[in-house]
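Novice: after the sequence you'll find the predicted model.
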Amino acid sequence: MYISKIELSNFRNFKETTIHFNDGINVLIGHNNAGKTNILKALSLIFKGSGRKSLSVDDFSRDITFDEIKDTPPKISISVVIRRGEWESPDDLVVLGDWLTKLQSDYEALLTYEFYLPKSDLDLYKTEIEKIENTGDELNTAWAIIEKDFIKRYKHKIWGGDIINQNQAESEYLNRFDFQFLDAIRDVERDMLTGKNTLLRDVLDFFIDYDIKSLHESEKSLSEKEKEIREREEEFSQNADKLIKELQSRMSQGQEQILSYAKETGVSSFNNAEPSFEGSITETELFSALRLIVKYSTGIDIPATHNGLGYNNLIFMSLLLAKMQVDADGEYMGSNAMVFPMLAIEEPEAHLHPSMQHKFLKFLKKNRRQNKVRQVFVTTHSTHITSAVTLDEIVCLQNYDGKTVCGYPGKVFNNDCASKKYVQRFLDATKSDMLFANKVILVEGIAEQLLIPVLANYLGKNLEDHHISVINIGGRYFDHFLKLFDQKSDFAIPKNVACISDRDPVKKKKTGNRYNSCFPFEWGIDTDNFDYSSNSDQLLERNEEDGSIKFFAPKDVFSKTLEYDLILNNSSEELLLTESIQNRDELIDLMKFNADGKSPEALTERLRNGKLKKKIESTLLNQEEFEKSDKREAIIAARYLSSVAKGEIALELSSNFKHNLSKKDTDDFVEITIPAYIKEAIDWICK
């Protein structure tokens with residue numbers, strides 16, 4: 001069996017929300033206060049045997065309106081649906097029998113936690129709420145009355161099966177669920193590191209004589225195992241008695257001296273009683289003398305209390321899983337054995353460096369495969385953890401239009417296995433940030449990834465403040481990734497996504513099979529012999545009026561790539577001429593010559609002889625759609641683009657732009673004109 005979904009009603013930040021889970025690992029991601037911890041808390045209200053079950057007024061959703069609670073007191077409801085899983089225990093149906101809502105082989109069971117005001121208090125509640133005056137602050141007044149007069153009257157119940165039947169779930173069966181919840185702030189030294197602690201002592205008690213306990217029935221019967229263990233216990237007891245007697249012998253004279261003080265105080269005068277020292281020791285009692293140490297290859301042993309938090313957290317979680325194995329062992333625990341061990345871990349990355357996070361997830365998956373834990377819930381902000389799991393194992397919580405909603409990356413692809421595999425391979429620790437961000441900008445290359453955050457600063461916007469990630473998808477592969485966010489799917493992650501693309505004009509001979517890149521001034525100039533196309537026109541046609549996904553690309557015929565468009569819009573700014581650029585002196589000369597308003601022909605004459613100069617002479621100078629100023633700027637942009645290495649120039653431009661921005665409001669600051677389509681994209685995603 002496994003928990004297939006949880007339905008939350010009026011609980012904390014969830015008004016009416018259903019969250020689906022996987023049979024196995026579930027990684028819950030989302031921004032701060034998205035509700036990840038609240039989901040684990042909701043599960044614990046049903047499955048954690050110990051712990052507080054009552055709630056406070058602060059646990060109610062604040063999306064409840066006054067009209068909703070005016071006549072009916074607010075109620076919190078948390079329901080979990082349990083279904084047949086990939087692996088079944090013979091005891092599963094024994095535990096779930098009274099809670100079944102679907103009796104077929106693919107069974108379903110239902111458990112519902114309710115926190116409610118009893119019907120006997122309903123009239124009193126209505127009377128008090130009706131006294132609230134129409135002041136415009138009725139809701140806050142109502143909550144104050146609930147907190148002061150009624151929250152103490154609230155009750156909590158856990159119902160099994162269809163809630164209409166009001167069948168209270170028996171604690172005997174609820175206690176067969178082992179829900180271990182590790183919150184982000186935990187004291188592992190207190191909880192783990194000496195044999196005086198329950199966790200370590202219970203683990204040691206189970207695993208002592210494990211060489212016998214772990215034998216299969218074919219090797220030794222249960223009675224034979226028990227007999228051999230009893231013999232070891234008796235041998236230990238005899239040896240322990242010898243140690244106690246030796247200790248008493250060594251203390252015989254000392255004991256007389258110690259007790260002489262007692263006699264002198266008059267202790268012996270009461271009922272002729274005298275104090276003495278006696279005792280025995282069992283294996284369990286001896287565990288309190290043990291402490292956890294760490295052995296290093298150098299031969300040095302140090303106590304675990306001297307380790308870092310991350311190391312000790314890993315040890316603690318391994319011990320906890322061992323304890324869960326103990327509690328689920330039918331031979332050891334008998335009828336009290338746990339049937340369904342599940343582990344909930346909050347932010348495991350808090351004390352683990354990236355490679356250990358990846359190793360930790362592999363460790364959890366291994367334990368899941370071995371059925372030592374049957375379902376795992378992990379909340380995280382770590383892209384290293386999401387890159388270590390599959391898309392199917394991720395649940396994304398997102399605040400969209402003021403509501404907390406869920407997305408399921410593994411379910412959005414339907415039968416498109418190729419896209420799913422592509423995205424799965426792509427989402428490394430850097431690029432999986434698209435799942436965490438509030439909004440996303442998808443770009444084709446490194447230039448946009450490096451430059452767009454800086455260009456946003458020139459527009460007075462900070463992408464980090466808006467929790468916007470710029471993700472380089474390495475080409476025109478938007479469709480693979482947009483399946484994650486396309487709200488036509490019920491499983492999509494609802495967030496605004498801006499896709500920025502170059503115009504990238506191309507041409508091919510009518511007799512050819514392949515398009516080749518060309519400059520804008522070559523585009524459409526010889527339609528008798530060439531076919532022409534551009535990437536941006538096809539993308540812009542896909543924009544919907546109110547869609548959450550928008551495409552942004554140049555709309556005019558003058559554009560090519562971001563680097564080309566930047567120099568096109570800033571054709572006299574030497575700020576764009578970085579250290580690594582080739583033909584630097586020639587470009588400076590062209591910029592100065594252009595500033596004097598010379599003709600395109602005169603500017604072309606300044607170019608050194610070569611293929612680019614011939615191309616400009618044969619095409620641009622004859623291009624009727626280009627004005628003189630357009631031609632001059634195109635000459636500089638063409639020379640610039642043919643002089644740069646894309647990745648290197650983007651990094652240097654980003655550095656130059658940041659340095660220039662630090663001079664803002666001084667005479668040394670240089671104004672930069674942002675290409676129109678980049679500005680539109682930034683304005684839209686930041687609104």
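Specialist: Received it, and whenever you're ready, just let me know what you need.
Novice: return the distance of stretch 210-220 from the chain's centre.
Specialist: 41 Å (Cα atoms, centre = their mean, to the nearest Å).
Novice: could I get the CA-only coordinates of that stretch as PDB?
Specialist: The C-alpha trace of stretch 210-220 is given here as PDB (Å, rounded to 0.1, in the frame of the first residue of the first chain):
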ATOM      1  CA  TYR A 210      22.000 -10.400  14.600                       C
ATOM      2  CA  ASP A 211      24.100 -13.200  13.200                       C
ATOM      3  CA  ILE A 212      21.400 -15.500  14.600                       C
ATOM      4  CA  LYS A 213      18.300 -13.300  14.100                       C
ATOM      5  CA  SER A 214      19.100 -12.800  10.400                       C
ATOM      6  CA  LEU A 215      19.200 -16.500   9.600                       C
ATOM      7  CA  HIS A 216      16.500 -17.800   7.300                       C
ATOM      8  CA  GLU A 217      14.000 -20.300   8.500                       C
ATOM      9  CA  SER A 218      15.600 -22.900   6.200                       C
ATOM     10  CA  GLU A 219      18.800 -22.500   8.200                       C
ATOM     11  CA  LYS A 220      17.300 -22.400  11.700                       C
END
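Novice: buried residues in that stretch?
Specialist: Ile212, Lys213 (16 or more other Cβ atoms under 10 Å). From N, CA and C alone the C-beta is placed, and that goes for glycine too.
Novice: quick one: mean pLDDT over it.
Specialist: Averaged across stretch 210-220, pLDDT comes to 77.
Novice: export stretch 339-348 as PDB, just CAs?
Specialist: What follows is stretch 339-348, C-alpha atoms only, in PDB (Å, rounded to 0.1, in the frame of the first residue of the first chain):
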ATOM      1  CA  VAL A 339       3.300  -2.500   8.900                       C
ATOM      2  CA  PHE A 340       4.000   0.700   7.000                       C
ATOM      3  CA  PRO A 341       7.200   2.500   7.800                       C
ATOM      4  CA  MET A 342       7.500   6.000   6.200                       C
ATOM      5  CA  LEU A 343      10.100   8.700   6.600                       C
ATOM      6  CA  ALA A 344       9.500  12.400   6.300                       C
ATOM      7  CA  ILE A 345      12.700  14.600   6.100                       C
ATOM      8  CA  GLU A 346      12.700  18.400   6.000                       C
ATOM      9  CA  GLU A 347      15.500  20.100   4.100                       C
ATOM     10  CA  PRO A 348      18.200  17.400   4.300                       C
END
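Novice: pLDDT (mean, whole number) over it?
Specialist: Rounded mean pLDDT across stretch 339-348 is 90.
Novice: over to stretch 589-605?
Specialist: Summarised as a single mean, pLDDT over stretch 589-605 is 88.
Novice: repeat for stretch 439-449
Specialist: For stretch 439-449, mean pLDDT is 94.
Novice: tell me where the longest helix sits in this protein.
Specialist: helix 222-250 (DSSP state H).
Novice: which strands and helices sit next to that helix?
Specialist: When contacts are defined as 3 or more Cβ pairs under 8 Å, 6 or more residues apart in numbering; DSSP states H and E, helix 222-250 packs onto helix 210-213, helix 283-286.
Novice: buried ones in stretch 96-108?
Specialist: Leu96, Trp99, Leu100, Tyr107, Glu108.
Novice: what residues sit buried inside stretch 504-513?
Specialist: Within stretch 504-513, the residues scored as buried using 16+ other Cβ under 10 Å are Asp504, Pro505, Val506, Lys507.
Novice: following the helix or strand harbouring the last one, which helix or strand comes up?
Specialist: By that I understand Lys507. Element membership for Lys507, per DSSP states H and E: strand 505-509. Per DSSP H and E, the first helix or strand lying C-terminal to strand 505-509 is strand 516-517.
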